[in-house]
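A.B. asks: Pasting the sequence and the predicted model now:
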Amino acid sequence: MQQSLTIGTRGSPLALYQAYLVQRLLVEKTGMTPDQFPVKILKTSGDRLKGHLSAFGGKGLFTKELEEALVTGEIDLAVHSMKDVPTVGQDSLEITAILEREDPRDAFISKKYERLADLPKGALVGTASIRRRAQLSAMRPDIKFDLLRGNVGTRLQKLSDGVCDATFLACAGLKRLEQEHEITEIIDTDRMLPAPAQGAIGIETRKADTSATALIKPLNCKATELAITAERAFLRALDGSCRTPIAALAVWDGETMVFKGEVIAKDGSARFSNADQMPLSSTIEAYDFGYRLGEAVKQAAGPHIDWDE
Ligand SMILES: NCc1[nH]cc(CCC(=O)O)c1CC(=O)O
């Protein structure tokens, strides 16, 4: 009999869904049984705090404890939303597989208005995301913001309670939680470019754990891996933390990667973007491509953007 591998995850419904998705895929691929992939819930600092994520150091809030548990061997696999994974990680760990990406777009959700364009002057939007806030401010300087924190279900409940006029959530999470019917309007990526890696799930392992690596590797989706590599390289070139509003999306046109990335001032008053396309097939090419585009944006944005404070 094969050994068992413990899957570590946060306890939110979305995190749990993702952990059990990985368990199911592993069972399908390996012929092993679900109990050989027990799921262990860990609380992360991101699950405890209130307020703006960026005000708490940002980096790794939802992943740090999972990575520590991986290092100590308490768990063998960590399942992450790649959007929440810092671009600089632990040396002894690696993202071994990235699952096929779900819809990367953002969804506008409101009980009062049918479209984003219908929001009246001075409407109150609930979001803890500095990227969505900056992008929306650039489009609509009149909009007011309120922090809306908590997991997807909590936020939807608060919206129903009328604490704000609208919110934005990733389509991916809503689809996975079968809450797609909550979507009021899907926002095209030309209007709101998603966070780097939005919609992608990654599985992290210890580099030294070659048996886990061998089991996980077949779950990797190459097209998604290359896209996420480029988007995260763009992010890394611009900012190691998550305190600057940065967006990036790579999509495929056949063998050609079509990339767009941007950095926005927190108040939406300045915006620097870059787009390019290139046929590529290796992670090194994807990384270089995204990194170069990020460096160019950083150069252009320079003093116009408040990088960190
Ligand atoms: N930071 C929270 C977070 N991390 C990943 C997702 C959505 C799922 C995904 O992008 O894969 C969300 C919630 C949201 O932004 O709506």
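C.D. replies: Yes, it's here.
A.B. asks: can you pull the contacts of the spatially most central residue of the chain?
C.D. replies: Geometric centre of the chain, nearest residue: Lys83, 1.9 Å, by C-alpha atoms, centre = their mean. Residues in contact with Lys83, defined by C-beta atoms under 8 Å, 6 or more residues apart in numbering, are 170, 195-200. For glycine as for every other residue, the C-beta is placed from the backbone atoms N, C-alpha and C.
A.B. asks: 10 Å instead?
C.D. replies: With contacts defined as C-beta atoms under 10 Å, 6 or more residues apart in numbering, the neighbours of Lys83 are 62, 104, 170, 172-173, 194-202, 228, 231-232, 235, 242.
A.B. asks: Can you narrow those residues down to the ones near the ligand?
C.D. replies: Filtering the contacts of Lys83 for proximity to the ligand (criterion: C-beta under 6 Å from any ligand atom) leaves 170, 172-173, 198-199.
A.B. asks: In helices only, show me those residues.
C.D. replies: 172-173 (DSSP state H).
A.B. asks: Now, of the ones next to the ligand among the contacts of Lys83, which are buried?
C.D. replies: Buried subset of these (neighbour count, 16 or more other C-beta atoms under 10 Å): 170, 172-173, 198-199.
A.B. asks: ok, so of these, who is nearest Glu114?
C.D. replies: For those, the residue nearest Glu114 by C-beta to C-beta is Ala170; the value is 20.2 Å.
A.B. asks: Do you know the pLDDT at the nearest residue to that closest one once chain neighbours are set aside?
C.D. replies: Leaving out its chain neighbours, the residue that sits closest to Ala170 by C-beta to C-beta, 6 or more residues apart in numbering is Gln198, at 5.4 Å. Listed pLDDT for Gln198 reads 98.
A.B. asks: Check whether Gln198 really touches Leu235, as I assumed.
C.D. replies: No - Gln198 is not in contact with Leu235 according to C-beta atoms under 10 Å; the separation is 11.5 Å.
A.B. asks: Thanks again, I'm all set now.
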